[in-house]
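Asker: Sharing a model prediction with you, sequence too.
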Amino acid sequence: MFRRLFSAIEVPQADRRLSKLSDPPDESKRAQAAAIDRITPQNEQFLRTYHPAFEMAPDVFVRKITLEDIVWAVHPSHIRDCSYYRQRNDVAGRVVHAAGASSTVRMALAGFQSKLKAEGTINTRKILSEAEIMVIREQFPEAIGLRVYVSGYLTVLFKSVADLKHVAYRAWPSELGNLKVQLEVWNDRSCADGGNAMQLGIRLKGTFDIDGESREMEVITAATNDFVTTPEYSNKVATYVSPRTMHGLLSPFRTLAGSVKGVAQWSAKMAVGYAAVGKEVMSSDGSAKVGVIVKSYDEISMLLPFPYGYQHNISLVAGDGLAHANLPNGSPCLSGFASFEDALADGAVVVTIQHNPGADTIVRKSLVEGQQYTWDSAVMARSLLWRTMDDAVFDMRGSATMLCLNDGRDGDAVKLVAFQNFQATLPTSAVRERTGTVFFEKLAECEGVEGDVGGIWYRGGFEIPAEVMKADIVRS
């Protein structure tokens, strides 16, 4: 009965869907399309039909972000399969972004309006305001996060299939802020493999608030989740007990613990085992002590998996062995920091830089695809989503991977936007079977990715704390 309420299973459309011309392609038309360097209303459909980037694409959309900022949008599986996108991310000077890919279908119910839709549109290149996020959270109280794609899609994230189903079978807006709405089960995975061998970070000199005291010092950044132990995520458990439910179950006990003498102090001592501050940090090969973590910008949950409690996934290490954690020779020069909106801007040139101890630095062309917001009862976290041009699978063990912006103001030097903290996958048939939907063909699994997740697609990084961005990067 419920399924009759759903619209056809399809990719939610952006502003315009381009149809193909009737004439069959040939080498002459392909060469002509590939040579076009300026888009006009007259040649747009020609490009869609015969250009090597689009010829085999099931659908091609055109998304207008502003009057002058217009992008192409195609399904991410086509970008993965088409060799053209290994070298370029534009067609005739217009950038090609991935359309939102969801494991759910859309529901179209006449007369269901959204407050956000009535008030205006969301600019996908701008950070959402708290007011915009709250309106979305009011529409989807079961949600634990959302993604905003540059291509014009808003994906609402749920921790469990049960939560997603609860929303999917009731009326929900198919559009918010002029963005097409999709529902998805949250599928972020940490890049860390645990232990106390430090991922290489950057060396900073600045003034930091350490235990309420302002101290001028030199530190090295480290990924917090390299030094703590949190529960593993379980799809089966989450199907029945979501984090939202867990918070509700534990709330009375937290209140009781705070009112009983001695319990609060005992609880704080127990939490030390899950906290990064005070832990020793070793060099990547484990041969020397680098220092001790003196500050963490995250309040980690002892009961919920990564990324709950994380806002930045950054800790500061101080000590006499900081030289062991300098970036290797040959790395691009870091001249400072750049904001999320700098990297989201039209025309921004970004690269992913991976540092491996004892190996060459890897630099890959990248494209920022959107932004992500996650929350629990106490913490709101902002992160950026991007993909590398060659869609390579990084070996994250013992490495530090950064998204950097080259704004052209300082030669070949780049500015740090975010460290890679997690990776997200495209939905596969296993996810769709649990949600009771059938959506797209099964996507190819990437080597090294196990379970019912698709190949790694989006790489994600949390926002860097303002205090860190004010510090100077030590280059030598």
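Answerer: Received the coordinates, thanks.
Asker: Pairing partners for the lengthiest strand in the chain, with directions?
Answerer: In the chain, taking DSSP state E as the definition, the longest strand is strand 362-375. In the sheet containing strand 362-375, its partner strands are strand 145-149 (antiparallel), strand 350-355 (antiparallel), strand 380-388 (antiparallel), by DSSP bridges.
Asker: So for it, what gets flagged as buried?
Answerer: Of the residues in strand 362-375, those buried under the neighbour-count criterion (16 or more other Cβ atoms under 10 Å) are 362, 364, 366-375. Placement of C-beta: from N, CA and C, glycine included.
Asker: quick one: which two of these are the most distant?
Answerer: Of all pairs drawn from those, the one with the longest distance (Cβ to Cβ) is 362 and 375, at 33.1 Å.
Asker: where do the helices sit along the protein?
Answerer: According to DSSP state H, the chain carries its helices in the segments 27-35, 44-50, 76-81, 115-119, 130-139, 161-168, 235-240, 243-259, 263-272, 340-344, 429-435, 466-469.
Asker: What residues of the last one count as buried?
Answerer: The one in question is helix 466-469. Neighbour counts over helix 466-469 (16+ other Cβ under 10 Å) mark 467-468 as buried.
Asker: Packing partners of it?
Answerer: With contacts taken as 3 or more Cβ pairs under 8 Å, 6 or more residues apart in numbering; DSSP states H and E, helix 466-469 sits against strand 203-210.
Asker: Output the strand it packs on as CSV, restricted to C-alpha atoms.
Answerer: Extracted in CSV, the C-alpha atoms of strand 203-210 (Å, rounded to 0.1, in the frame of the first residue of the first chain):
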residue,chain,number,x,y,z
ARG,A,203,54.1,21.8,13.2
LEU,A,204,52.6,25.0,14.6
LYS,A,205,53.8,27.9,16.6
GLY,A,206,51.1,29.9,18.4
THR,A,207,49.2,30.7,21.5
PHE,A,208,46.9,27.9,22.7
ASP,A,209,44.5,27.6,25.6
ILE,A,210,45.9,24.6,27.7
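Asker: surely residue 155 meets residue 145?
Answerer: No - proximity of residue 155 to residue 145 does not meet the contact threshold set by Cβ atoms under 8 Å, at 9.0 Å.
Asker: on that earlier part again, tell me the angle the longest strand of the chain makes with helix 130-139.
Answerer: Angle of strand 362-375 versus helix 130-139, following axes from the mean of the first three to the mean of the last three Cα atoms, to 10 degrees, is 60 degrees.
Asker: Just the CA trace of strand 362-375, in CSV.
Answerer: In CSV, the C-alpha atoms belonging to strand 362-375 read as follows (Å, rounded to 0.1, in the frame of the first residue of the first chain):
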residue,chain,number,x,y,z
ILE,A,362,51.4,11.7,-3.3
VAL,A,363,49.5,14.7,-4.8
ARG,A,364,46.2,14.1,-6.5
LYS,A,365,43.9,16.5,-8.3
SER,A,366,40.6,16.7,-6.4
LEU,A,367,37.2,18.3,-6.5
VAL,A,368,35.1,19.4,-3.5
GLU,A,369,31.6,17.8,-3.9
GLY,A,370,29.8,19.1,-0.8
GLN,A,371,29.6,19.6,2.9
GLN,A,372,28.4,17.4,5.7
TYR,A,373,26.8,18.2,9.1
THR,A,374,26.5,15.6,11.9
TRP,A,375,25.1,16.0,15.4
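Asker: Let me see the mean pLDDT of it.
Answerer: On average, the pLDDT along strand 362-375 is 91.
Asker: returning to that earlier point: averaging pLDDT over each of the strands paired with strand 362-375, which comes out lowest?
Answerer: Comparing mean pLDDT across those, the weakest is strand 350-355, with a mean of 86.
Asker: tell me which residues in that strand are buried?
Answerer: Neighbour counts using 16+ other Cβ under 10 Å place 350-355 of strand 350-355 among the buried residues.
Asker: follow-up on the earlier one: for residue 412, find the nearest of the strands paired with strand 362-375.
Answerer: Set against residue 412 and scored by Cβ to Cβ, those come closest in strand 350-355, at 10.6 Å.
Asker: Just give the number of residues close to residue 212.
Answerer: Residues within reach of residue 212, counting by other Cβ atoms under 10 Å, total 5.
Asker: Pull the contacting residues for it.
Answerer: Remark: with contacts taken as Cβ atoms under 8 Å, 6 or more residues apart in numbering, residue 212 is in contact with nothing.
Asker: Can you give me the distance of it to residue 295?
Answerer: Per Cβ to Cβ, to the nearest Å, residue 212 is found 11 Å from residue 295.
Asker: What of residue 100?
Answerer: Counting by Cβ to Cβ, the separation of residue 100 from residue 295 is 37 Å.
Asker: Could you do residue 340 as well?
Answerer: In this structure, residue 340 lies at 22 Å from residue 295, with Cβ to Cβ as the measure.
Asker: same check, this time on residue 364
Answerer: 31 Å.
Asker: One more: residue 288?
Answerer: Residue 288 sits 22 Å away from residue 295, taking Cβ to Cβ as the criterion.
Asker: Settle it for me: which of those two has more neighbours?
Answerer: Set side by side, residue 288 and residue 295 give different neighbour counts by other Cβ under 10 Å, the larger being at residue 295 (20 against 12).
Asker: Kindly state the beta-bridge partners for the more buried one.
Answerer: Using DSSP bridges, the bridge partners assigned to residue 295 are residue 316.
Asker: which residues does it contact?
Answerer: The contact partners of residue 295, by Cβ under 8 Å, 6+ apart, come to 208-210, 277, 315-316.
Asker: For those, point out the one with the lowest pLDDT.
Answerer: For those, the minimum pLDDT belongs to residue 277; the value there is 85.
Asker: Surely that one and residue 299 touch.
Answerer: No - under the criterion of Cβ under 8 Å, residue 277 makes no contact with residue 299, lying 11.0 Å away.
Asker: how many neighbours does the nearest residue to residue 219 once chain neighbours are set aside have?
Answerer: Computed as Cβ to Cβ, 6 or more residues apart in numbering, the closest residue to residue 219 that is not its neighbour in sequence is residue 316, at 4.2 Å. Other residues near residue 316 come to 28 when the count uses other Cβ under 10 Å.
Asker: Right, I'll leave it there.
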